[in-house]
Structures are given as C-alpha cells and as structure tokens.
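Peer 1: just need the structure, nothing else, for what follows:
(one chain, ligands or ions: 2)
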Amino acid sequence: MPASAPPKTYRVKSFGCQMNVYDGERMAELLAEQGLTAAPENADADLVVLNTCHIREKAAEKVYSDIGRLRREDGSTPLIAVAGCVAQAEGEEIMARAPSVKMVVGPQAYHRLPEMVREAAAGRPSTDTDMPAETKFASLPARRRSGPTAFLTVQEGCDKFCTYCVVPYTRGAEVSRPFADLIDEAHRLVDSGAREITLLGQNVNAWTGEDAKGRAIGLDGLIRELAALPDLARIRYTTSHPNDMTAGLIEAHAVEPKLMPFLHLPVQSGSDRVLRAMNRSHTSDSYLRILEQVRAVRPDIALSGDFIVGFPGETDAEFAETLRLVDTVGYAQCFSFKYSPRPGTPAATMDGQIAPEVMDERLQRLQAALNRDQLAFNRASVGKTCEVLVERRGKRPGQWLGKSPWLQSVHFTGEAAIGDLVRVELLEAGPNSISGQPVAMAAA
Ligand code: 5AD
Ligand code: SF4
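Peer 2: Ligands and ions are numbered 1, 2, ... in the order given. The predicted model follows:
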C-alpha cells in the first residue's frame, strides 16, 4: 500500500448499541488528542472510523455498503478503519473483502488506534483484535467534554452465552472497571457539563468492585456513591440481565432519588421452552416476579425490554405466550427483533429455523402490541408534572427537547437552556413524544 499524508480530519460513525456510542466518543477523543479535528457534518474526512455492530445480520452487512459509499468521485477513499464488533468477529477477512479498509480494530483494542493510523498512513495496514479490556481504559485520555447526558461504561463483556448472541464472542468475558476509575471519570463528566449519567454494560448489573474503604460493592453501591456528586442530577443504567437484579439494586430504586424510575430488563420471550433453548436461565414467571418487586418499591417505574421473535423452533403457541407476557407487563417502551442466525452461536445450527414470512408476521403483531402499550403509558403521564432535562433545541423558535424521568421525549416552549432541569406539566401524548408546558424552574 502506498504511503499517504497523515490524516488531519476524522469522522467516527457508530452503529448499534450505546456501548458503541460510548466507544465512538472515546475514539474521537483519542484522535483529537493526536491533533486531528472532527470533519464537519457532510464534509469529506481524511480518516473515517466505522464503529460497527454485529448483533444482527443487517447491522453487519451495512458495514460493507457503508465502506462502498465512502469512495469519492475520483475513485480515492479516505483512510478507513473498521472498529467494533464486526471488526472483532471478522478480523482480517474485512480487508480481504474490502481492500480500502486499512485498519481493523476490535472493541478491546481501540486505544491503539492512533498508532494504527500512523502505520496505515505510512502504507502499513494492521489488525488488532486482542481482548484484554483493562489496558484499553488505562490508556484512554481523560474526559474533557460532555453534553447534559453522558454514557459511562462500567462493565464490558458477557458470560451468559445466550444461544443466539454473538456478544460473549465479540466483547469477551465480563470485566468490571475499577471503582476509583469510574468515580474519577464521573467527576470529569460532571465537571464538563453532564447532569445525567447512564451507566453502561452488556450486563451492567453484574458490575462488582471495591469501594474506597475496600468493601465489596455491586451496582447499587456504585449508584449510591455517584449519587453523592452534588452536580449530578440523574443516574440511569442499562442493560440488565434478570438474573443479576439483586435485592440491593431493587432497593436502590426505592431509596435513591437520583436513580431514575426506568428499568430496561430484556426478557426475549414469554415461553419457558424457548427461554430454555435460549439458555436464558430465567423463566417468564421469575422475570415477572422481579418486575413485581421493582414495582412494589417504585410503583411509577417505566419498564422496557428486548424481544426476539422467530427463535428456532418457536411455535405459534409459544409466540402467543410472548404476547401474553407483554399484556401482563404493560411496557413503557421496548425493542423487538427478528431472530438472526449469528455465525458461531449455538442457535445458528439449531433445527426448526423459522421462515422469514412467519417472523415478519410475528414481529408485526408484537410491535402492534408494544406500540399500543407505549402510547398508553405516555397517555397515562398526561396531567403529571415532572422534571425534564433539556438536551437540545427543538425545530420551532423557543422550543426545547428533553427527557422525562421515565425516559419519554418531552418538548415544550419557554425560557430554558441546554442542561436545565425544568418542571414541566405534561399536556398531550403521542406514541413517541409528549408536549408540555413549563410550570416553574427547578435549580439549574
Ligand atoms: N437475533 C436477533 N436479535 C438478537 N439480539 C441479540 N442477538 C440477536 C440475534 N441473533 C437482541 C436481543 C438483545 C438485543 C441487544 O439484541 O434482544 O437483548
Ligand atoms: Fe447476549 Fe445474553 Fe449476554 Fe445479553 S445476556 S449480551 S443477550 S449473551
């Protein structure tokens, strides 16, 4: 590969989950520290990092079409790096299939990006899909910029091995980041403007650590410590596994006012046979019991989940059990997906793969039920007054957009600034947002 001038501008494009958004921000910070500047929206960049997702087929295929689209009119391409879970899963294969890619870097190795960029510019493409998570965080620059809402990865990887899921292979084993590092990063985020922090992990509630006094603590302990930061107003966490919902974490929803009344707890299916085949290690009943416990201590909690339809062998009757579970819970919002075989996972070679049209039909029925419940949840909020954390301006003059404690998008018109917590009366609800009017300004 011929050498090229070192890149001056970069763009990081992240796909998939919030962990990828977090990783994308950290890669951008790394590149900025090397003196590169972010390319303006729609402008050409010298270096493009595609931070990819491998969780479902479409997400992975998208990478190759995106690489193709990066070709300029004169046939040249920017320096392209593929990062994230597709990088981890496919490694050097990517460069064989897309020769314009000069760097392939897995989710645990992206601290090496600056060095890889220098090498690639000098004509030496490289791949790094090494796995130890600790070194990455230790070698990232300190956080210096934040909007009103920020992500903080506290835990990575997964030991659960659900039979459909590629995450244990692409993100590796569960690793918790040390308590002191997280407190330090949270301080920096708050000092640079964050009012809300969402703690992230594939199994965030499996986080464990030792507090400053050397006591073993779980996610609830970490939440308590973060809640002591005076300028931090809100704490959220995602994604949780039902089996790691400890009594302490449930209790935190009762006693910690900064912990927002929202729980994303994927269930995937309402059928115990399917859950067993998925290796989920919970039943629909044990899942419902957890939700009951959370609702007992925090009756207004907004519930969210993930569903997969068309897992191999799923019968009509088993799918009907999923619909029944949805009816029982009354979710505030959910994600739902058609099963997608992931190479190397046990479910990919199971008997009874479901026909696409059956999956389509099931997904439509499930989503109709979930949309109905989402609208009902939003409508039930009308008349409440709550704090809205202002995230950005709306399209109309004087209009602001933000989130309610229950993670609903709220828009209102009035005096405000980004990062304010504004008391808003909720007036009218749609499926995806609620309009309101400010009643009085809380301490900003
Ligand atoms: N097919 C479809 N959906 C999947 N998910 C994970 N793996 C697959 C797959 N192979 C969904 C699950 C998970 C969410 C992040 O993505 O619902 O909770
Ligand atoms: Fe994947 Fe299951 Fe781990 Fe979630 S808990 S990341 S679905 S293996």
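
Peer 1: okay, CA-based contacts and neighbour counts for the rest of this
Peer 2: Noted.

Peer 1: dump the residue contacts of the closest residue to residue 411 other than its chain neighbours.
Peer 2: Distances taken as Cα to Cα, 6 or more residues apart in numbering place residue 401 nearest to residue 411, at 4.6 Å, with adjacent residues excluded. When contacts are counted by Cα atoms under 8 Å, 6 or more residues apart in numbering, residue 401 touches 390-394, 409-412.

Peer 1: again, but for residue 424
Peer 2: Per Cα under 8 Å, 6+ apart, neighbours of residue 424: 385-388, 412, 436-440.

Peer 1: redo that, cut-off 10 Å
Peer 2: 383-389, 404, 410-412, 435-442 (Cα atoms under 10 Å, 6 or more residues apart in numbering).

Peer 1: can you confirm it is in a helix?
Peer 2: No. Counting by DSSP: H, G, I helix; E, B strand; the rest coil, residue 424 is not found in a helix; it is strand.

Peer 1: leaving out sequence neighbours, find the closest residue to it.
Peer 2: Using Cα to Cα, 6+ apart, the nearest residue to residue 424 is residue 438, at 4.1 Å.

Peer 1: could you check how far that neighbour is from residue 199?
Peer 2: 29 Å (Cα to Cα, to the nearest Å).

Peer 1: hey, where'd the strands end up in the stretch 301-444 of the chain?
Peer 2: With DSSP state E, counting those that start in this stretch, the ranges of strands along the stretch 301-444 of the chain come out as 302-309, 333-338, 385-393, 399-403, 409-413, 421-429, 434-441.

Peer 1: would a markdown table of those strands with distance to residue 326 be doable?
Peer 2: Listed next are these as a markdown table, based on distance: least, Cα to Cα, whole Å:
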| stretch | distance to residue 326 |
| --- | --- |
| strand 302-309 | 10 |
| strand 333-338 | 10 |
| strand 385-393 | 27 |
| strand 399-403 | 24 |
| strand 409-413 | 22 |
| strand 421-429 | 21 |
| strand 434-441 | 23 |
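
Peer 1: and residue 161, how far from ligand 1?
Peer 2: 10 Å (Cα to the nearest ligand atom, to the nearest Å).

Peer 1: okay, now residue 47: neighbour count?
Peer 2: The tally of other residues near residue 47 (other Cα atoms under 10 Å) stands at 24.

Peer 1: ok, the residue nearest to residue 424 - contacts?
Peer 2: 385-388, 411-416, 422-426.

Peer 1: can you pick the most crowded of those residues?
Peer 2: residue 388 (29 neighbours).

Peer 1: right, and it touches residue 434 too?
Peer 2: No. Counting by Cα atoms under 10 Å, residue 388 does not reach residue 434; the two are 11.1 Å apart.

Peer 1: which one is residue 360 nearest to, not counting chain neighbours?
Peer 2: Spatially, and ignoring its direct neighbours in sequence, residue 360 is nearest to residue 338 (7.4 Å; Cα to Cα, 6+ apart).

Peer 1: what bridges to that neighbour?
Peer 2: Beta-bridge pairing of residue 338 under DSSP bridges involves residue 309.

Peer 1: and residue 141, its phi and psi?
Peer 2: In terms of degrees, to the nearest 10, the main-chain angles of residue 141 are phi -70, psi 160.

Peer 1: I meant residue 178, not that one.
Peer 2: phi -60, psi 140.

Peer 1: helix or strand: which one has the nearest residue to it once chain neighbours are set aside?
Peer 2: Nearest residue to residue 178, sequence neighbours excluded (Cα to Cα, 6+ apart): residue 209, at 6.1 Å. Assigned by DSSP states H and E, residue 209 belongs to strand 208-210.

Peer 1: in the stretch 301-444 of the chain, where is pLDDT below threshold?
Peer 2: For the stretch 301-444 of the chain, the stretches with pLDDT under 70 are 440-444.

Peer 1: coming back round to it: could you give the number of residues near the residue nearest to residue 360?
Peer 2: There are 18 residues near residue 338, going by other Cα under 10 Å.

Peer 1: Provide the strand pairings for the host helix or strand of residue 104, with the direction of each partner.
Peer 2: Assigned by DSSP H and E, residue 104 belongs to strand 101-105. Strand pairing for strand 101-105, determined by DSSP bridges: strand 79-83 (parallel), strand 126-128 (parallel).

Peer 1: how about residues contacting the shortest one?
Peer 2: When contacts are taken as Cα under 10 Å, 6+ apart, the neighbours of strand 126-128 outside the stretch itself are 81-83, 87-88, 91-92, 94-95, 101-110, 112-113, 115-117, 119-120.

Peer 1: show me where the stretch 51-200 of the chain has its strands.
Peer 2: Secondary structure of the stretch 51-200 of the chain (DSSP E, counting those that start in this stretch): strands at 79-83, 101-105, 126-128, 149-153, 155-156, 175-176, 196-200.

Peer 1: distance between the second one and the chain's centre?
Peer 2: On the basis of Cα atoms, centre = their mean, to the nearest Å, strand 101-105 sits 23 Å off its chain's mean C-alpha point.

Peer 1: I'd guessed residue 382 sits against residue 434; true?
Peer 2: Yes. Counting by Cα under 10 Å, residue 382 does reach residue 434; the two are 8.2 Å apart.
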